[in-house]
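**Q** Below is the sequence, then the predicted model.
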Amino acid sequence: MTYLSRIRLNPVRSQSREFLRNPRTLHAAVMQGLPEPPATDRVLWRVDSRGHRVDLLVLTPTRPDWSHVVEQAGWPDAEGEHVLVRDYTPLLGHLAVGREFAFRLTANPVQSTMTPDKLTDSQRERHGEDRPSRGLRVAHRTVAHQIDWLLRRTTKWGFTVPVSRTAAAAPGITSTADNPDPHEVRVVNTIGYRIAKKGLRHPVTMRAVSFEGRLAVTDPNLLRTAMLTGIGPNKAYGCGLLTLAPLRSGSGA
């Protein structure tokens with residue numbers, strides 16, 4: 001059975017700031033929420049920030065316990081519901097061809113290239129100034145390229161992002177070179193990380209991009225797999241978790 005958890009973080013506490021600064025530390029805390037590491041299923045997580053509210057969302061193959069996260073980075077003695085754990089199975093059962101949902105996804109849009117414009121410090125440390133023997137991952141930096149990265153891959157993930165219903169493109173809804181019509185998706189947040197890796201003097205850089213929008217299901221099995229196994233690279237660092245919600249009446253997403 002799969003569970004989706006939402007844990008509210010207190011952003012002024014020191015451990016929360018460390019979690020938000022360092023995805024390796026937060027990943028370790030997430031894995032400590034399970035009594036046994038899953039043998040095959042992947043644990044996915046992401047951080048959602050909306051105004052002053054910061055939530056940690058986690059998808060796990062077994063029921064977790066987040067007491068340690070609340071104790072270190074939440075409101076352990078405050079009133080209110082600060083941890084929510086729900087069975088994810090009913091939502092997965094509602095996926096059907098043609099159904100539409102609002103979605104949110106944090107991913108790491110990258111491309112592989114043999115000729116990057118500029119090597120990062122960690123790439124230069126690993127490869128020197130020599131031409132790499134295989135393609136290097138390079139982050140898409142502009143909103144247009146990040147949205148294009150998403151739209152080009154939706155078919156293999158079992159959904160499509162419809163063309164915008166609005167007469168004029170809303171802020172963040174933009175056209176791309178190969179998709180001249182704006183689609184119902186926008187970039188709502190981008191965070192750059194510098195992650196220390198064992199054996200490297202220079203940290204690895206990563207850009208986490210959060211998308212929101214509306215999707216239509218084209219293949220429920222492919223979409224279910226994408227939701228359970230994650231989308232794109234760097235899933236251990238808070239990327240890849242796609243979540244769905246009912247569309248609000250009268251809105252596109």
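**A** Sure thing, it's come through. For clarity, every value in this text was computed on a predicted model and none was experimentally measured.

**Q** With adjacent residues omitted, what lies nearest to E100?
**A** Of all residues beyond its chain neighbours, the one nearest E100 is A216 (4.9 Å), with distances taken as CB to CB, 6 or more residues apart in numbering. C-betas here are computed from N, CA, C, even on glycine.

**Q** List the beta-bridge partners for the one you found.
**A** Beta-bridge partners of A216, counted by DSSP bridges, are E100, T160.

**Q** residues near L92, how many?
**A** 15 (other CB atoms under 10 Å).

**Q** Does Y3 touch R86 like I think?
**A** Yes - using CB atoms under 8 Å, Y3 is in contact with R86, at 6.7 Å.

**Q** quick one: which of the two has more around it?
**A** Y3 (16 against 12).

**Q** Let me see the contact set for that one.
**A** Going by CB atoms under 8 Å, 6 or more residues apart in numbering, Y3 touches 59-64, 85-88.

**Q** In the sheet, which residues pair with it? Tell me.
**A** With DSSP bridges as the rule, Y3 is bridged to T60, D87.

**Q** per-residue pLDDT, it?
**A** Note on Y3: pLDDT of 96.

**Q** what does the one 3 residues further on give?
**A** Predicted confidence (pLDDT) at R6: the value is 97.

**Q** what about it, how many residues close to it?
**A** Counted with other CB under 10 Å, the neighbours of R6 add up to 17.

**Q** hang on, the residue nearest to E100 packs against G158?
**A** No - using CB under 8 Å, A216 is not in contact with G158, being 10.2 Å away.

**Q** between those two, which one's more packed in?
**A** Counting neighbours by other CB under 10 Å for A216 and for G158 shows that G158 has the greater number, 20 against 15.

**Q** so who does the more buried one touch?
**A** 217-226 are the contacts of G158 under CB under 8 Å, 6+ apart.

**Q** Mark which of the residues you listed are buried, thanks.
**A** 217, 219-220, 222-224, 226 (16 or more other CB atoms under 10 Å).

**Q** So which of the residues you listed are in helices?
**A** Of the buried ones among the contacts of G158, the ones assigned to helices by DSSP state H are 220, 222-224, 226.

**Q** Redo those as CSV? Include pLDDT.
**A** Output for those, formatted as CSV (pLDDT from 0 to 100):
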residue, pLDDT
P220, 97
L222, 98
L223, 98
R224, 97
A226, 97
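
**Q** With just CA atoms, put stretch 2-12 into PDB.
**A** This file holds the C-alpha atoms of stretch 2-12, laid out as PDB (Å, rounded to 0.1, in the frame of the first residue of the first chain):
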ATOM      1  CA  THR A   2       1.300   3.500  -0.900                       C
ATOM      2  CA  TYR A   3       1.000   6.500   1.400                       C
ATOM      3  CA  LEU A   4       1.200  10.200   0.700                       C
ATOM      4  CA  SER A   5       2.300  12.300   3.700                       C
ATOM      5  CA  ARG A   6       2.200  16.000   4.300                       C
ATOM      6  CA  ILE A   7       4.300  17.300   7.100                       C
ATOM      7  CA  ARG A   8       4.300  21.000   8.000                       C
ATOM      8  CA  LEU A   9       7.700  22.500   8.700                       C
ATOM      9  CA  ASN A  10       8.500  25.500  10.900                       C
ATOM     10  CA  PRO A  11      10.800  27.500   8.700                       C
ATOM     11  CA  VAL A  12      12.300  29.500  11.500                       C
END
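
**Q** List the buried residues of that stretch.
**A** For stretch 2-12, using 16+ other CB under 10 Å, the buried residues are 2-10.

**Q** Many thanks, have a good one.
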